[in-house]
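Asks: Just a sequence and a predicted model for now, questions to come.
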Amino acid sequence: MADKLPLKLHKTLECKQGAVRSVSFNADGNYCTSCGSDKSLKLWNPHRNLLLKTYSGHGYEVLDSRASLDNSQLVSCGADKTVILWDVASGQILRKFRGHAGKVNCVCFNEEASVILSGSIDSTVRIWDCRSRKMDPIQIMDEAKDSISSITVSDFEILTGSVDGYIRRYDMRNGMLHADCIGQSATCVNFTKDGQCTLVSSLDNRIRLLDKDTGELLGEYAGHQNSRYRVDSCMNNDDSHVVSGSEDGKIYFWDLVEGSMVTTIEKAGKDNVHSLSFHPKEVCLLSASEGTIKLWRSNSYSEDG
């Protein structure tokens, strides 16, 4: 990928939904969702700068959203303490889950989209059954001592990051909990594509690569600014580079193995570039800052593909 860096600005989406709190590609990278401080959730084709649908139902700002693997449903969460399951095509609310005692920071589906997982400022992760008519969560995980800032899942594992300085990995197959202390507020967690490592951002201007099973520190990435806000980090499409937003308005790229900074995108945002989503297959990145989303593509990309 190094020969395709830095990425160049391809599209700018003026979202018109107040501050954009989160942006996320769907599973095939054809669409994305944006969460707004104006209580709205929007579905886009970012490659064509095309707004497809607006979803309204939250009582306060929307903080996170994800699409199901088959693209038929969306889930969102917000500062109104609720988690909402949406039908993509009709825009109708299918379920509204209540139970968190504070704002819900992060949300995701499992692979089958049979359950939703949500993490809250109330220090709990709650698992909701999409198919049951019962409104109570089927499980509450309350091991964290502070706000849950990030959550992601693999086929049988749940990975969470908390402001209490721990990342926790729940092995649902064996009923085990593994906890690793970062020593700083963990604000963004991801699995690598091979499932062997975890990538963790924290409020000490550091991103760490840990061995999933042993917790051993394999790599550390620094140079960006991240000491005040939740800022996303992620892997690129082939796991060769670590990518992060920054509180200085730039996007940073590091070589995964070497740990060295490869390049930056200058002036990616006016201030804090806080949300990122890398395309699952292509050299293509979404970033959010203030009220806009930007689509970045490889220098070698042409409209013809």
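Replies: Structure received. Numbers count the residues shown, from 1 in each chain.
Asks: Chain neighbours aside, what residue packs nearest to Gln225?
Replies: Glu247 (4.2 Å; Cβ to Cβ, 6 or more residues apart in numbering). The C-beta positions use only the backbone N, C-alpha and C, and glycine is treated the same way.
Asks: what do you get for Phe156?
Replies: With Cβ to Cβ, 6+ apart, the residue lying closest to Phe156 is Arg173, at 4.3 Å.
Asks: wait, isn't that neighbour in contact with Ser154?
Replies: No - with contacts counted by Cβ atoms under 8 Å, Arg173 stays clear of Ser154, the gap being 10.5 Å.
Asks: more crowded one of these two?
Replies: Ser154 (15 against 8; other Cβ atoms under 10 Å).
Asks: Provide a list of residues in contact with the more buried one.
Replies: 191, 195 (Cβ atoms under 8 Å, 6 or more residues apart in numbering).
Asks: any idea how far Phe191 is from it?
Replies: 5 Å (Cβ to Cβ, to the nearest Å).
Asks: Just the mean pLDDT for stretch 208-223, thanks.
Replies: Stretch 208-223 shows a mean pLDDT of 96.
Asks: Show me the shaky parts of the protein.
Replies: Residues of the chain that meet the criterion pLDDT under 70 lie in 1-3, 300-305.
Asks: now do 80
Replies: Low-confidence segments of the chain (pLDDT under 80): 1-6, 299-305.
Asks: Distance of the closest residue in space to Ile251 that isn't next to it in sequence relative to Asn105?
Replies: Excluding its sequence neighbours, the residue lying closest to Ile251 (Cβ to Cβ, 6+ apart) is Ile265, at 4.1 Å. Note on Ile265: its distance to Asn105, by Cβ to Cβ, is 26 Å.
Asks: So for those two, which residue has more residues nearby?
Replies: Asn105 (27 against 24).
Asks: check contacts around that one.
Replies: Taking Cβ under 8 Å, 6+ apart, one finds 63-64, 77, 119-121, 147-150, 230 in contact with Asn105.
Asks: Paired strands for whichever helix or strand it is part of, with orientation please.
Replies: Using DSSP states H and E, the element containing Asn105 is strand 104-109. Partner strands for strand 104-109, per DSSP bridges, with pairing direction: strand 115-120 (antiparallel).
Asks: Counting neighbours, which bits of the partner strand end up buried?
Replies: The neighbour-count check on strand 115-120 (16 or more other Cβ atoms under 10 Å) flags 115-120 as buried.
Asks: With stretch 283-292 instead?
Replies: 283-289, 291-292.
Asks: I'd like to know which of the residues you listed are part of strands.
Replies: Among the buried residues of stretch 283-292, the residues falling in strands (DSSP state E) are 284-289, 292.
Asks: from these, which is closest to Asp136?
Replies: Ala288 (33.1 Å; Cβ to Cβ).
Asks: Name the residues linked to that closest one by a beta bridge.
Replies: Applying DSSP bridges, one finds that Ala288 bridges with Ser275, Ile293.
Asks: For it, give me its contacts.
Replies: 20-23, 34, 269, 273-276, 294.
Asks: Which strands or helices does the helix or strand containing Val242 pack on?
Replies: Using DSSP H and E, Val242 sits within strand 241-244. Applying 3 or more Cβ pairs under 8 Å, 6 or more residues apart in numbering; DSSP states H and E, one finds that strand 241-244 contacts strand 206-211, strand 217-222, strand 233-235, strand 251-255, strand 275-278.
Asks: The same query, at a cut-off of 7 Å, please.
Replies: strand 233-235, strand 251-255 (3 or more Cβ pairs under 7 Å, 6 or more residues apart in numbering; DSSP states H and E).
Asks: Could you list the paired strands of that strand along with their orientation?
Replies: strand 233-235 (antiparallel), strand 251-255 (antiparallel).
Asks: can I get the CA coordinates of stretch 11-19 in PDB?
Replies: Written as PDB, here are the backbone C-alpha positions of stretch 11-19 (Å, rounded to 0.1, in the frame of the first residue of the first chain):
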ATOM      1  CA  LYS A  11     -15.400  13.600  -2.200                       C
ATOM      2  CA  THR A  12     -16.600  15.900   0.600                       C
ATOM      3  CA  LEU A  13     -20.100  15.200   2.100                       C
ATOM      4  CA  GLU A  14     -21.800  18.100   3.700                       C
ATOM      5  CA  CYS A  15     -23.900  16.200   6.100                       C
ATOM      6  CA  LYS A  16     -26.200  19.000   7.400                       C
ATOM      7  CA  GLN A  17     -26.800  17.100  10.600                       C
ATOM      8  CA  GLY A  18     -24.900  19.300  13.100                       C
ATOM      9  CA  ALA A  19     -21.600  17.800  14.200                       C
END
